[in-house]
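S.K.: How does the following fold in three dimensions:
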Amino acid sequence: MKKLVAEGIGTMFLVLLACGSAVLAGPSIGGLGIGLCFGLVLVCLCYAIGNISGCHVNPAVSLAVYLSGRMSGRECIGYIVFQLLGATVGAGLLYAFMQLAPGFNFGGITSADQYLATNVLQPGATPGMALLAEGLLTFFFVLIVLGATDPEKGFGKFAGLAIGLALGLVNIVGIPVDNCSVNPARSFGPAVFSPGAWGDFWIMVVGPVIGAVVAVLCWAAIGAARRNSIK
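M.R.: Numbering: from 1, shown residues only. Okay, here's the model as predicted:
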């Protein structure tokens, strides 16, 4: 249970602080600053709860870890449920900020009914473009997670830095397309309070799932090649 609670709290803070950087400070820090905030929040969370739950805070990561044989299916489902709950709480707190100060210059707003840094297509972007971006960026991010945390060839205490930097990088690249998800829970929480975002939500699930699966297959192939070379 301790692992599940850690995942819930971690995902709550990821949404509250990282999405909050767009909602509360977007106009002043821009896409680069928001991307860096995502990365820095994850670095902090990795060192806070990494030794408890592994700090997945992302259903795509939990799926990849399960497919890699590092956790059971039951535990994976529990992680995902608590990640979704945590993301909803984090988004709810952001929503409360917006209700308490309607005159504040909030950022992260695409239109009147799509706010809270929701993952929606940005002007000019198409569903195919966003789907490809989510798949490729999640592939990269999850591959970094699998490699950095590999039981045999991982980087131990330095894994959190690589993982946080990877999340920051994919957000800097992906924000102009669809505000960058690579994390279905991060998309789910804000969408609960912004119904206009549900139309594009499927992209934020399908893309990351495909990317995670490809990353697992790629990492398995790398591991097999490495073992064969040793022989």
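S.K.: tell me the mean pLDDT for the longest helix seen in the chain?
M.R.: Secondary structure of the chain per DSSP state H: the longest helix is helix 20-53. For helix 20-53, the per-residue pLDDT values average out at 91.
S.K.: so who does Val43 touch?
M.R.: For Val43, the residues meeting the contact criterion (Cβ atoms under 8 Å, 6 or more residues apart in numbering) are 160-161, 163-165. Placement of C-beta: from N, CA and C, glycine included.
S.K.: Kindly report the same for Ala133.
M.R.: The neighbourhood of Ala133, defined by Cβ under 8 Å, 6+ apart, consists of 173-174, 177-178, 180, 207.
S.K.: Can you tell me which of those residues is closest to Val61?
M.R.: Gly207 (14.2 Å; Cβ to Cβ).
S.K.: what about the protein, any weak spots by pLDDT?
M.R.: Per-residue confidence for the chain (pLDDT under 70) gives these ranges: 107-114, 154, 224-231.
S.K.: okay, which residue is most central for it?
M.R.: What sits nearest the mean C-alpha location of the chain, by Cα atoms, centre = their mean, is Asn183, with 3.5 Å.
S.K.: sorry, back to before: nearest to Phe97, of the contacts of Ala133?
M.R.: Relative to Phe97, the closest of these is Cys180; by Cβ to Cβ it sits at 21.3 Å.
S.K.: for the closest one, helix, strand, or coil?
M.R.: Using DSSP: H, G, I helix; E, B strand; the rest coil, the three-state assignment for Cys180 comes out as coil.
S.K.: Identify the residue nearest it in space, chain neighbours excluded?
M.R.: The shortest distance from Cys180 to any non-neighbouring residue, by Cβ to Cβ, 6 or more residues apart in numbering, is to Gly174 (3.1 Å).
S.K.: Is the one you found in contact with Leu137, as I believe?
M.R.: Yes: because the distance of 5.2 Å satisfies Cβ atoms under 8 Å, Gly174 is recorded as touching Leu137.
S.K.: Between those two, which contacts overlap?
M.R.: Any residue near both Gly174 and Leu137 by Cβ under 8 Å, 6+ apart counts here, and that gives 180, 182.
S.K.: can you pull out the helices in this structure?
M.R.: Per DSSP H, the chain carries helices over the ranges 2-13, 20-53, 59-67, 73-100, 127-148, 159-178, 184-192, 201-230.
S.K.: just how off-centre is the longest one within its chain?
M.R.: Using Cα atoms, centre = their mean, to the nearest Å, we find the averaged C-alpha position of helix 20-53 to lie 10 Å away from the chain's own average C-alpha position.
S.K.: Which positions in that helix come out as buried?
M.R.: Buried residues in helix 20-53, counted by 16 or more other Cβ atoms under 10 Å: 20-26, 29, 31, 34-46, 49-50, 53.
S.K.: just to revisit the earlier point, format the helices of the chain as a markdown table; extra columns: distance to Leu121.
M.R.: Converted to a markdown table, the helices of the chain look like this (distance: least, Cβ to Cβ, whole Å):
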| stretch | distance to Leu121 |
| --- | --- |
| helix 2-13 | 24 |
| helix 20-53 | 15 |
| helix 59-67 | 20 |
| helix 73-100 | 19 |
| helix 127-148 | 6 |
| helix 159-178 | 5 |
| helix 184-192 | 12 |
| helix 201-230 | 8 |
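S.K.: Buried deepest among those, which one?
M.R.: Highest mean neighbour count of the helices of the chain: helix 184-192, a mean of 28 (counted as mean count of other Cβ atoms under 10 Å).
S.K.: packing partners for it?
M.R.: Using 3 or more Cβ pairs under 8 Å, 6 or more residues apart in numbering; DSSP states H and E as the contact criterion, the elements in contact with helix 184-192 are helix 2-13, helix 59-67, helix 73-100, helix 201-230.
S.K.: Noted, bye for now.
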